[in-house]
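Undergrad: Quick one, fold the following:
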Amino acid sequence: MSQTGNDPNRQPSQEPVRRRATTPAVVLWTAALFALLIVALTLVLLRQPALQGSALIGIACVLALMPVSLMVAYRTGAASSVEMRLIEMSSALERFTQEGGLSEGARRVIHRREEREILRRAIEQDIQVEDWDAAMVLVKELAERFGYRHDAEEFRGRIERVRAQSTDRRVVDALAHLDELIRGRQWAEAYAEAARVQRLYPDSHRVHALRDRVDEARAMYRKELERGFLVASERERVDEAMELLRELDQYLTPTEAEPFKEVARGVIGKLKENLGVRFKIVVQDQRWEEAIGVGERIVAEFPNTRMAAEVRELMPKLRERVSLMAR
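TA: Numbering: from 1, shown residues only. Below you'll find the model as predicted:
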């Protein structure tokens, strides 16, 4: 039967001894690292006053983390893991210390590749949102500050090409809107829109002589009105001729209207005669509501005539007849 458990000659286990020996060493290494961090940050603070805020924040973080790190190191005793972390932290500290003592220009050289990528992404974003001026400013920065002139020229060509396409698309849309105003005979709005488009896109070949375009469309429509008025008058379509005459009157100056005066007098006289005859017929037929409508038109279109005065005298009686019929 084995007596191993009660063997007086058995040597005690060496593991606790190694753990006890390792743990103080780890704690000392951790404490030494934090002390080194504080010293390095202090040196940065003294050498670079401009980094005062960053150095003070770093010292505060080191002091805050030191107790926790010492406790963890003491409890775990994981020497190899802690030593690896110490090496990583030492390397990071060394880089921070080295850069802390460099000038702004030297740090820019170190990080120029990262800054170049950031600048390229910013240019791409400006192109997507069509902020051409901001993109050109960044392109100039890319060429002059970082020396990437080839990249800058590629971006400049792309920006000019995309901007030209976008501008042309906007001009086409604006001209389509102008054509809608012309088709709707909205001449005042059309002239204003033509001026606006020319102000916005002065370099576009599409916007030249836009006012002449509106003038030509207006002149063509006036000729259509003149021809339609003359045809309706000749065929004795009095109501149609009168409507065309009213619209044509908005397009003619007194000089331009002179050739149409005689025809217009004939149309107006014929319309007056037709309304008078029609009024008499509907009154005789006792169509009182229709008589009121014709009478109101006579008063509105020929207010200063004898016929209009006679109609005004009859209107109260006509309205009384309509009221009696409604009871």
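
Undergrad: For this protein, name the helix or strand with the lowest mean pLDDT.
TA: helix 104-110 (a mean of 49; mean pLDDT, DSSP states H and E).

Undergrad: So for the longest helix seen in the chain, what gets flagged as buried?
TA: Counting residues, the longest helix found in the chain (DSSP state H) is helix 149-183. Judged by neighbour count (16 or more other C-beta atoms under 10 Å), helix 149-183 contains these buried residues: 151-152, 155-156, 159, 163, 167, 171, 174-175, 178, 181-182. Where you see a C-beta, it was placed from the backbone N, CA and C, and this is true even at glycine.

Undergrad: rewinding a little: next secondary structure after the least confident helix or strand of the chain?
TA: For helix 104-110, the following helix or strand on the C-terminal side (DSSP states H and E) is helix 112-128.

Undergrad: so what secondary structure elements neighbour that following helix?
TA: Using 3 or more C-beta pairs under 8 Å, 6 or more residues apart in numbering; DSSP states H and E, the elements in contact with helix 112-128 are helix 132-144, helix 149-183.

Undergrad: relative to helix 112-128, how tilted is the longest helix of the chain?
TA: Counting by axes from the mean of the first three to the mean of the last three C-alpha atoms, to 10 degrees, helix 149-183 lies at 10 degrees to helix 112-128.

Undergrad: Now distance to Thr255 and mean pLDDT too, for the helices and strands packed on helix 112-128, in JSON lines please.
TA: Listed next are the helices and strands packed on helix 112-128 as JSON lines, based on distance: least, C-beta to C-beta, whole Å; pLDDT from 0 to 100:
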{"stretch": "helix 132-144", "distance to Thr255": "50", "mean pLDDT": "86"}
{"stretch": "helix 149-183", "distance to Thr255": "25", "mean pLDDT": "91"}
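
Undergrad: could I get those as JSON lines with distance to Ala308?
TA: Putting those into JSON lines (distance: least, C-beta to C-beta, whole Å) gives the following:
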{"stretch": "helix 132-144", "distance to Ala308": "66"}
{"stretch": "helix 149-183", "distance to Ala308": "38"}
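
Undergrad: Please name whichever of the ones you listed is nearest to Gln250.
TA: Nearest to Gln250, of all the helices and strands packed on helix 112-128, is helix 149-183, at 15.8 Å by C-beta to C-beta.

Undergrad: which strands and helices sit next to that closest one?
TA: Against helix 149-183 (3+ C-beta pairs under 8 Å, 6+ apart) you get helix 112-128, helix 132-144, helix 187-200, helix 210-234.

Undergrad: quick one: contacts for Ala308?
TA: 298-299, 302 (C-beta atoms under 8 Å, 6 or more residues apart in numbering).

Undergrad: Can you pull out the low-pLDDT segments for the stretch 201-327 of the chain?
TA: Residue ranges of the stretch 201-327 of the chain with pLDDT under 70: 327.

Undergrad: sorry, back to before: of all the helices and strands packed on helix 112-128, which lies closest to Arg312?
TA: helix 149-183 (41.9 Å).

Undergrad: can you tell me how far Arg321 sits from Ile292?
TA: 9 Å (C-beta to C-beta, to the nearest Å).

Undergrad: of the two, who's got more company?
TA: Neighbour tally, Arg321 and Ile292, criterion other C-beta atoms under 10 Å: the higher count belongs to Ile292, 19 against 16.

Undergrad: ok, for that one, nearest residue in space, not its chain neighbours?
TA: Spatial nearest neighbour of Ile292, excluding adjacent residues (C-beta to C-beta, 6 or more residues apart in numbering): Leu318 at 5.2 Å.

Undergrad: Please tell me how far the one you found sits from Ala309.
TA: Noted for Leu318: a distance of 15 Å to Ala309, by C-beta to C-beta.

Undergrad: Also Ala143?
TA: According to C-beta to C-beta, Ala143 and Ala309 sit 86 Å apart.

Undergrad: Pick out whichever of the two has more residues nearby.
TA: Ala143 (17 against 12).

Undergrad: Please determine how far the closest residue in space to Val197 that isn't next to it in sequence is located from Arg196.
TA: Once flanking residues are discounted, Val197 sits nearest to Ala174: 4.6 Å by C-beta to C-beta, 6+ apart. Computed as C-beta to C-beta, the Ala174 to Arg196 distance reads 8 Å.

Undergrad: same question, Leu142
TA: 35 Å.

Undergrad: neighbour-wise, which of those two wins?
TA: Counting neighbours by other C-beta under 10 Å for Leu142 and for Arg196 shows that Leu142 has the greater number, 23 against 13.

Undergrad: Quick check, Lys272 in contact with Met307.
TA: Yes. In terms of C-beta atoms under 8 Å, Lys272 counts as a neighbour of Met307; the distance is 7.0 Å.
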